[in-house]
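*Asks:* structural data only, the sequence is not supplied:
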């Protein structure tokens, strides 16, 4: 599959997730860049809930799955700061350290 076809398929999946809010486990995996086997593992271990669709397929709620996986990452310590970059200005996470005068450190007077 070419890059353009892949991008269009991801665009269609993202659009469906936004409009409908539900995807098949395989579609959810493709949208989030993970393997389908990992999504099915999370379903079997009750991390992600699955619901039956009217068509008979099993679907996952995109919002619920995203929240569950985010909570799992936070619990494992992989996400330390959940605030968005838009909430912070550049350098907000940097602390200003006191600077010693290099001339005073050497004991020389000017």
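*Replies:* Nice, thanks for sending it over. Everything numeric in this text was worked out from a predicted model, so none of it was measured.
*Asks:* centroid-nearest residue for this structure?
*Replies:* residue 70 (6.6 Å; C-alpha atoms, centre = their mean).
*Asks:* which other helices and strands contact the helix or strand hosting that one?
*Replies:* Assessed by DSSP states H and E, residue 70 sits inside helix 62-75. Helix 62-75 sits against helix 25-32, helix 36-44, with contacts defined as 3 or more C-beta pairs under 8 Å, 6 or more residues apart in numbering; DSSP states H and E. Every residue, glycine included, has its C-beta placed from N, CA and C.
*Asks:* mind running it again at 10 Å?
*Replies:* In terms of contacts (3 or more C-beta pairs under 10 Å, 6 or more residues apart in numbering; DSSP states H and E), helix 62-75 is packed against helix 3-19, strand 22-23, helix 25-32, helix 36-44, strand 58-61.
*Asks:* tell me if I'm right that residue 28 and residue 68 touch.
*Replies:* No: taking contacts as C-beta atoms under 10 Å, residue 28 lies outside contact range of residue 68: 11.4 Å.
*Asks:* looking at the two, which is more packed in?
*Replies:* Set residue 28 next to residue 68 and count neighbours by other C-beta atoms under 10 Å: residue 28 wins out with 25 against 17.
*Asks:* mind listing what that one touches?
*Replies:* 13, 17, 22, 34, 36, 39, 42-43, 48, 59-62, 65-66, 69 (C-beta atoms under 10 Å, 6 or more residues apart in numbering).
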